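Engineer: Here is my input, please return the structure:
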Amino acid sequence: MSAALLVRTLRDPASAAALDADGWNRLLAAAKAERLVGTLAWRLDGVAQPDAVRLILADARHDSAREGQQALWEADRAAQALAGLGITVLLLKGTAYVAAGLRAGQGRFVGDLDILVSRDAMPVVERALIAAGWEWVKEDAYDDAYYRQWMHELPPMIHVERDRMIDVHHTVLPLTARQTPDAAAMIANAVPITDGLYILSTEDRIVHSVAHMLADGDMQGGLRNLWDIYCLLPDAEPAALDARAAHHGLRAHVRQARRLADAIYGDGARLTLWDRLVRARLMARDGWGRETRKALVFAFFVRSHWLRMPPMMLARHLYTKWRKGHRPR
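Structural biologist: The predicted model follows:
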């Protein structure tokens, strides 16, 4: 299993020295599939590697550094566009980790710019971004209405010149989700990093990452998300994290994430049956990095939608998307 090899190498980089050509191929395939190849390159710095692998990992370090710089520039452009509005703008996910110099940002590939603002500020933020050159990724009346009525963010936007996407959140889970984290409390506890930009507090960074992984999505890219959590956990005092997770209604999810992070990347933890199912989903990759266990993967896809909305609403939504040609991968 390539995922198991990737996990073992991230946990114990020195073990990679014993890999043969097939082992390196499986390791790199899994790392690329999980968007962890930059992290892997950082972890393997100083470990003996074949020349071909060394070149691949050097490129990965270069690419992740370039993406990090692009993300910081995009964050600066967003801050400039929103300056003078009198609102708190928080960076989320990878851009926040890179901007704050956190371990979770080392070697991390950063895609879209994700920001969090108060829900009341959404209309003025939307107008300011449009005025600064962002536009809608695609015009679709159903998707636009769905995002605005039920989701935790605006429809995705992209800058007309820089071709970089931005996701503007007003909370961290869809409004129809079973858990309802306190976005106002997250904004109130935000930590400034530059003029006009903030990041979540230590505990809220973990809660947000856990919510994204375990209370919302279908676990695609889950090993990277769990690596983020594993890197963030040492910065938090356990009792404070548990209390903050309880405040946001995500205590069970945070406790599960801690068990999984310790079991997969750390020294081991005792897992429940549900933990083992999640771990099986996370590790479902073959030697080429392709997803396996298709039934399990599909079950988690269905679960992700089940978590996001009530049954009747889910049925209507899936039927509408099916008619429009959307199919799960």
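Engineer: can we go C-alpha only for contacts and neighbour counts from here?
Structural biologist: OK.
Engineer: Just the buried residues of stretch 33-53, please?
Structural biologist: For stretch 33-53, a neighbour-count test (16 or more other C-alpha atoms under 10 Å) marks 33-44, 49, 53 as buried.
Engineer: CA atoms only for that stretch, dumped as CSV, please.
Structural biologist: Coordinates of each C-alpha in stretch 33-53 appear next as CSV, following Å, rounded to 0.1, in the frame of the first residue of the first chain:
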residue,chain,number,x,y,z
ALA,A,33,-1.7,12.0,-5.0
GLU,A,34,-2.1,13.4,-1.5
ARG,A,35,-0.3,16.7,-2.3
LEU,A,36,2.3,15.9,0.3
VAL,A,37,5.3,15.7,-2.0
GLY,A,38,6.6,19.1,-0.8
THR,A,39,6.2,18.0,2.8
LEU,A,40,7.9,14.8,1.9
ALA,A,41,10.8,16.7,0.3
TRP,A,42,11.2,18.8,3.5
ARG,A,43,11.1,15.7,5.7
LEU,A,44,13.7,13.8,3.6
ASP,A,45,16.2,16.6,3.6
GLY,A,46,19.5,15.0,4.4
VAL,A,47,18.4,11.4,3.8
ALA,A,48,20.2,9.5,1.1
GLN,A,49,18.2,9.4,-2.2
PRO,A,50,18.8,8.2,-5.7
ASP,A,51,19.8,11.0,-8.1
ALA,A,52,16.5,10.9,-9.9
VAL,A,53,14.5,11.2,-6.7
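Engineer: can you list contacts of it?
Structural biologist: For stretch 33-53, contacts defined as C-alpha atoms under 8 Å, 6 or more residues apart in numbering pick out 9-10, 13-14, 16-17, 24, 28, 31, 57-58, 60-61, 63-64, 106-109, 221-224, 289-290.
Engineer: for stretch 151-158, same thing?
Structural biologist: 134-137, 143-144, 147-148, 164-176.
Engineer: what about 7 Å?
Structural biologist: Here stretch 151-158 makes contact (C-alpha atoms under 7 Å, 6 or more residues apart in numbering) with 134-137, 144, 147-148, 164-175.
Engineer: Tell me how many other residues crowd Gly107.
Structural biologist: Counted with other C-alpha atoms under 10 Å, residues neighbouring Gly107 total 24.
Engineer: List the backbone torsions phi and psi for it.
Structural biologist: Backbone torsions for Gly107, taken as degrees, to the nearest 10, come to phi 80, psi 0.
Engineer: re earlier: give the PyMOL command for selecting the buried subset of the contacts of stretch 151-158.
Structural biologist: Here is the PyMOL command that selects the buried residues among the contacts of stretch 151-158 (16+ other C-alpha under 10 Å):
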select buried, resi 134+135+136+144+147+164+165+166+167+168+169+170+171+172+173+174+175
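Engineer: Sketch out the low-pLDDT regions of the stretch 101-250 of the chain for me.
Structural biologist: Residues of the stretch 101-250 of the chain meeting the criterion pLDDT under 70: 142-144, 146, 150.
Engineer: where do the strands sit along it?
Structural biologist: Using DSSP state E, counting those that start in this stretch, the strands of the stretch 101-250 of the chain run over 113-116, 134-136, 157-159, 165-169, 191-194, 197-199.
Engineer: Dump those strands to CSV, plus distance to Val278.
Structural biologist: Shown next, in CSV, are those (distance: least, C-alpha to C-alpha, whole Å):
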stretch, distance to Val278
strand 113-116, 26
strand 134-136, 35
strand 157-159, 32
strand 165-169, 27
strand 191-194, 32
strand 197-199, 29
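Engineer: between these, which one is nearest to Gln80?
Structural biologist: Gln80 sits nearest to strand 197-199 of all the strands of the stretch 101-250 of the chain, at 9.9 Å, using C-alpha to C-alpha.
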